[in-house]
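>>> Following is a predicted model, sequence given first.
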Amino acid sequence: DGGGSSGGGGGGGGDGGDGGGSPLAQLQGDVSIMFFSGVSDETLRTIARAVATVSWGEYGIRPAVGKAVPPAMGKGMRGLMDEIAGDHLEAMAMQGGGQGG
């Protein structure tokens, strides 16, 4: 799996509020979302693992990571952040870890 959100389904780009049920609104506490462009999937996975190791070990946080991909280029920032947040929540649930604050 690629550590990043691309542009699969869902996540329309609204400009409105988080809408309480959106993945972005469900994240608890401060969450960093890191965006990357121009890196291979393998490089992104390496970066994400390194960042996760340091951020979890030293700060107790697990940042979300996203990569710029062609299907996502036409989406608004809110929609992209919502997709990445949703992917992040799914990954944390699969790992049995929460995003706490």
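Arrived safely, thanks for sending. Numbering: from 1, shown residues only.
>>> Going by C-alpha atoms from here, please, whenever you check contacts or count neighbours.
Will do.
>>> So which elements touch the lowest-mean-pLDDT helix or strand in the chain?
Within the chain, no helix or strand scores below helix 23-26, which has a mean of 70 by mean pLDDT, DSSP states H and E. The helices and strands touching helix 23-26, judged by 3 or more CA pairs under 8 Å, 6 or more residues apart in numbering; DSSP states H and E, are helix 77-95.
>>> what stretches of the protein score poorly on pLDDT?
Low-confidence segments of the chain (pLDDT under 70): 1-20, 24, 27-31, 97-101.
>>> distance of Met92 from Ser37?
Met92 sits 23 Å away from Ser37, taking CA to CA, to the nearest Å as the criterion.
>>> quick one, which of the two is more surrounded?
Taking neighbours as other CA atoms under 10 Å, Met92 and Ser37 compare with Met92 leading, 15 against 10.
>>> Can you give me the end-to-end span of stretch 62-82?
Distance across stretch 62-82, first residue to last, is 16 Å (CA to CA).
>>> can you pull the buried residues of that stretch?
For stretch 62-82, the neighbour count (16 or more other CA atoms under 10 Å) marks 62-68, 72, 78-82 as buried.
>>> Can you tell me which of those is nearest Ile33?
Nearest to Ile33 out of the buried residues of stretch 62-82 is Ala64 (CA to CA; 4.7 Å).
>>> I'd assumed His88 was in contact with the closest one.
Yes. Contact between Ala64 and His88 holds when scored by CA atoms under 8 Å: they sit 5.6 Å apart.
>>> Apart from its neighbours in sequence, what residue is nearest Phe35?
Excluding the flanking residues, the one nearest Phe35 by CA to CA, 6 or more residues apart in numbering is Gly66, at 4.8 Å.
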